[in-house]
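Participant: Provided below are the primary sequence and the corresponding predicted coordinates.
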Amino acid sequence: MGLDPGNEEKVAALHKMRKRVIETIGRNMDLYGISLSTGHLYGLLFFADKPMTLDEMGSEMKMSKTSMSTGVRTLLDLKMVNKVWEKGSRKDLYEVEYDWHQTFTDFFDIKWRKSVESNITAIRKSMEEINRMEQEYAAEPEMLDILHNDKAKLQDAYAYYQWLDRLIDTFENGDIYKLVPKEPPGGK
C-alpha cells in the first residue's frame, strides 16, 4: 500500500474507502451475472498495487484457492482480468483490466452476441415452420390468421435482433465512441 503502518488513522481511512467501493462493485456485478464474492475479488484486484497470485487473493479475502480460481476464471472469461507474466515468478499472476470501456465492450460482445445469435436461429427455424404450416393449413382461415399474426410478431422480433446485432458491431469496431464519447481520464 505504501503507507507507514504506524499511521493507523490514514491506513484505516484508506481501507474504509476501498472497502466501500469494493462492496459496491461486488453488489453491482450481478448485472454481469457475476457472484458477489467474484465481484469483491474484482474490487480487490482493482485496488491492488501489483499483480496478485491466487494464494495472495485467497489470503486477502479469506477464501479458498478453489474459490479464488473459480472467480478468476470467470473474470478471465469475461476479459475483466488479465493473466500477466512477471520475471522470476513461477505462479500465475492476475491484474484487473483498467480500461472499463473495453471491459464493458468485451462483456457486451460476449454475452449479447451469443444471445442475439440464438434468438435469430430460433426465429428463423420458427419462420420456416410457419411457412410450411401456411401451406399445410391453406384451407383453414382461422389457423392462417393465427400463423400470419405469429409471423408478423416474429418479423418484428427479427428486425429487433438485426438492429441489436448492428449495435454490437458498433461496440466491437469502436464506432459507439463516436456517438457517445469517452470522458477523459479524471472525468469532468
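Facilitator: On my side now, so go ahead.

Participant: Ignoring the adjacent residues along the chain, who's closest to the residue most central in space within the chain?
Facilitator: The structure's the chain has its C-alpha centroid closest to Phe107; by Cα atoms, centre = their mean the separation is 3.3 Å. In space, and not counting its chain neighbours, Phe107 is closest to Leu78: 5.3 Å by Cβ to Cβ, 6 or more residues apart in numbering. Using the backbone N, CA and C atoms, a C-beta is placed for each residue, glycine as well.

Participant: Return the per-residue confidence for Lys87.
Facilitator: What the model reports as pLDDT for Lys87 is 84.

Participant: And for Gly187?
Facilitator: pLDDT at Gly187 comes out at 60.

Participant: Same question for Asp156.
Facilitator: On the pLDDT scale, Asp156 gets 97.

Participant: count of neighbours near it?
Facilitator: Using other Cβ atoms under 10 Å, Asp156 has 9 neighbouring residues.

Participant: next helix or strand past the helix or strand hosting it?
Facilitator: Element membership for Asp156, per DSSP states H and E: helix 141-173. Using DSSP H and E, the helix or strand that follows helix 141-173 in sequence is helix 176-179.

Participant: that older thread, for the residue nearest to the centre of the chain, give its distance to Asn82.
Facilitator: 14 Å (Cβ to Cβ, to the nearest Å).

Participant: For the helix or strand containing Thr66, name the packing helices and strands.
Facilitator: Assigned by DSSP H and E, Thr66 belongs to helix 65-77. Contacts defined by 3 or more Cβ pairs under 8 Å, 6 or more residues apart in numbering; DSSP states H and E place helix 65-77 against helix 36-47, helix 54-61, strand 81-84, strand 93-96.

Participant: between that helix and helix 36-47, how many degrees?
Facilitator: Inter-element angle recorded for helix 65-77 and helix 36-47: 70 degrees (by axes from the mean of the first three to the mean of the last three Cα atoms, to 10 degrees).
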